[in-house]
Each structure stands twice: as C-alpha cells, then as structure tokens.
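Chemist: Have a look at this prediction, sequence included:
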Amino acid sequence: MDESGNINFLKKTSAEYFPRKEILDALPVHLRQLIQGLPSALWDSMEEIRLRTNQPLLVQSLNRDIFIYVNGETGTETSKAYVTSKADLEKTFQLVTDYSVYALEEDIKKGFITIRGGHRVGISGHTVMNGPAIKTIKDISGLNIRISRQKIGISDAYMEYITTSPNNFKNTLIISPPQCGKTTLLRDMIRNLSNGMIRKGFQGFKVGVVDERSEICGSYQGIPQNDVGIRTDILDACPKAEGIMMLIRSMSPQIIATDEIGKIEDVIAIEEALNAGVKVLTTVHGHSLEEVCRRPNLKPLMEQNIFERIIILSNHPRVGTVQSILDGRTRVSLLHPTGISRRCESIG
C-alpha cells in the first residue's frame, strides 16, 4: 500500500471540544486526583476510563491499555496500578446518576448513561429481569466512561462527494470497523448538511437524527451536547425503525441520519423513508463492502443500489483512514476515477 497519501480525518486539524471537568466531575475525589494529573498528551488521546471492581484502574488510548499507578503515574505494570474498590464503583455510579438512580432507570436498563458533555458511561453488573425484559442493573461491577470528542470540520473535504448541487444530497452509507471514527465523521456531516456550506453551494437541509444510542448528538437532559447544526431535529434514545417513521410523520425532514443499521426493521424503515422522498445518511459496521453485501438483512438495500455514495473507513495504516469513496451504483472509486483502488488518498 502506498501510504504517501492517507486520508486521515481524525488527524485533521479541527476545532475540538473536550472539557476535562465534565469527566473529572463524574469521579470520586481520590480518583479525580489520580487522573487529573495525567499528561496532556494522554488526555488528548484518551478514549475510555475503565473502572472494574477489584481490578486495576486503566485508561485506553490509541487502542492501548494504560494503567494508573497509586502515585498518579502511568505505565504497563499491573502490580503498581491502583486497584478500584467496590466503594469506588458505588460512589462513581452515584455521581454519574447525580444521586437519582430512579430518574435514570430507563437509561440504566439499556446499559449506559449519557452525562454532561455527551460522554457515555457504560454499565455492567447484575441484571434484574421483569419477564423477558431487563428491569434494571444492580450490584454495579464495571463502569466504562467513553470520552466524547467532537471534531468540527473533519467532513468538509468530503461534502462535495455527497452533495452535488444546492438541493441534491446523495443517499450515503459509511462502512467502518469498530472504533475507526464513523460516528465522528457522521456527526460532522450532519452538522454541515444542517448548517449549509455556502462555498459548496447549498444553504442547508432539514435533518432528522434518530440517535438510538445517544452517541451522535450526546443529548443530556434533552439538549444535544454536540453541535449537529441549526436545522436538526433529534429523537434521542429512540429505536431506529420507530424513530424514522416518527420523523417522517411529524418533522418533514429532507434527510434522516442514523448510526449502525443492521436489523431487518431498520431496512424496512429506510425503504419507507426513501418512498416518502426522504434521503438517508447512515453507517454500518464492516471491514469491506463485500462483507456488508453478504449480510441477509442488508442485502436488499445493497442489491437495489439504494446508496449513491459509499464511504469505506479503515484502521490501516491508522485509525481514521478513508480507504475509498465509491459511486454506489457503479462501485467505482471517486477518489480514483479509473476504478476501485485500495490505495488511500491524502487531504493534507
């Protein structure tokens, strides 16, 4: 592979919103003191903070586990790591829920809570069932603080591929392996589509977002913590299929955006949106177009060439690489007009 020209939007210089205080406020005082002194470079690349009962305190950065030592230093030796206690988990959970577990029961039984700033706290523990449904999670044994970062402007270079005239957006699918930046790219595309880009020749579209996992907009108490544009309407924590139909009936969107489609009901709802004249921007987990096309639920959409643009992300040579942008009908790379190429291009 020629790496001389890698499109790596996660490396692109952009306005980035990441206040440390929102993360630190979710931690007990002694854990806060351990973590707040971490090097700035580690804060800048930090993806997760992991707390597990009777296990080492660690952060994940650039897909590497880094242990937090009892003296506040970091390293890879588990013997020196601070061991998270049950009391640490209980106190952190109280702070995350703002001492109101009952008010957040609906979120808790889904396995995560969104805190101020759009950061998401994953929960593991003992699940309490009510018949076939999960009622809640108790005896919390693990918390995963997933750090949300918005990178303003990372989609600018790609808008010309998905908007070809002032009033024409092309149905777009982003294919990506886990943790390769697909939601980050999707979020910024939504912002650009909603706000409009005068230099690109369009004023802006009415965008409806079905944010089932609260990852796109990061809504906290109903208010999106991420900038998703001035013409955007959000259904937070709503199942995709139901949300798509709700938006069509009530908000007259020109574009509907969702993350991580895969269920047959998602596909049916997308077809309904297209039949109603609404365009679609969405993502799917996958390592290649071929893999996605083989999935039974997605096969009808792919065989009908519903998506006019297909953006493929990769973690090679590094996370955040745009491997290709394809014409959805011809499957020809728009980065390489002579045909599909596996080489990555550079945007500088």
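Modeler: Yep, it's here.

Chemist: Can I get whichever strand in the chain runs longest in CSV, CA atoms only?
Modeler: Criterion DSSP state E: the longest strand present in the chain is strand 133-146. C-alpha atoms of strand 133-146 as CSV (Å, rounded to 0.1, in the frame of the first residue of the first chain):
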residue,chain,number,x,y,z
ALA,A,133,-37.3,-7.6,29.6
ILE,A,134,-34.5,-6.1,31.6
LYS,A,135,-35.8,-4.0,34.5
THR,A,136,-32.6,-2.6,35.8
ILE,A,137,-28.9,-3.3,36.6
LYS,A,138,-27.8,-3.5,40.2
ASP,A,139,-24.6,-4.6,42.0
ILE,A,140,-22.5,-2.5,39.6
SER,A,141,-19.2,-4.2,38.9
GLY,A,142,-17.9,-2.2,36.0
LEU,A,143,-18.1,1.3,34.5
ASN,A,144,-16.7,2.5,31.2
ILE,A,145,-16.5,6.2,30.7
ARG,A,146,-16.4,6.6,27.0
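
Chemist: How about residues contacting that strand?
Modeler: 23, 26, 47-53, 89-90, 92-93, 96, 105, 108-109, 111, 119-129 (CB atoms under 8 Å, 6 or more residues apart in numbering). All C-beta spots, glycine's among them, are computed from the backbone N, C-alpha and C.

Chemist: From those, which land in helices?
Modeler: Counting by DSSP state H, the part of those found in helices is 23, 89-90, 92-93, 96, 105, 108.

Chemist: Would you mind writing the ChimeraX command to select the buried ones in those?
Modeler: To isolate the buried members of the ones in helices among the contacts of strand 133-146 in ChimeraX, using 16 or more other CB atoms under 10 Å:
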select :23,89,92,93,96,108
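
Chemist: Out of the ones in helices among the contacts of strand 133-146, the closest to Val319 would be?
Modeler: The shortest approach to Val319 among those belongs to Ile23, at 20.8 Å (CB to CB).

Chemist: where does the stretch 201-348 of the chain dip in pLDDT?
Modeler: 336-348 (pLDDT under 70).

Chemist: which residues in it form helices?
Modeler: Listed from the start of the chain, the stretch 201-348 of the chain has helices (DSSP state H, counting those that start in this stretch) covering 240-250, 264-275, 289-293, 299-303.

Chemist: got the CA coordinates for the third one in PDB?
Modeler: Presented in PDB, the C-alpha positions along helix 289-293 are these (Å, rounded to 0.1, in the frame of the first residue of the first chain):
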ATOM      1  CA  LEU A 289     -18.200  -3.600   1.000                       C
ATOM      2  CA  GLU A 290     -18.300  -7.300   0.200                       C
ATOM      3  CA  GLU A 291     -18.800  -8.200   3.800                       C
ATOM      4  CA  VAL A 292     -21.800  -5.800   4.200                       C
ATOM      5  CA  CYS A 293     -23.300  -7.000   0.900                       C
END
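
Chemist: ok, how many other residues are close to Ala269?
Modeler: As a burial measure, Ala269 scores 26 neighbours (other CB atoms under 10 Å).

Chemist: Run through the residues that contact it.
Modeler: Counting by CB under 8 Å, 6+ apart, Ala269 touches 240-242, 244-245.

Chemist: try Arg329
Modeler: Listed by CB under 8 Å, 6+ apart, the contact set of Arg329 reads 305, 308.

Chemist: Over to it: give its phi and psi.
Modeler: Arg329 adopts backbone torsions of phi -90, psi -40, taken as degrees, to the nearest 10.

Chemist: Report the separation between it and Val121.
Modeler: Distance, Arg329 to Val121, by CB to CB, to the nearest Å: 42 Å.

Chemist: Next, the residue nearest to the spatial centre of the chain: secondary structure please.
Modeler: Residue closest to the mean C-alpha point of the chain, counted by CA atoms, centre = their mean, is Thr183 at 3.2 Å. Following DSSP: H, G, I helix; E, B strand; the rest coil, Thr183 is assigned to helix.

Chemist: Nice, that's everything, thank you.
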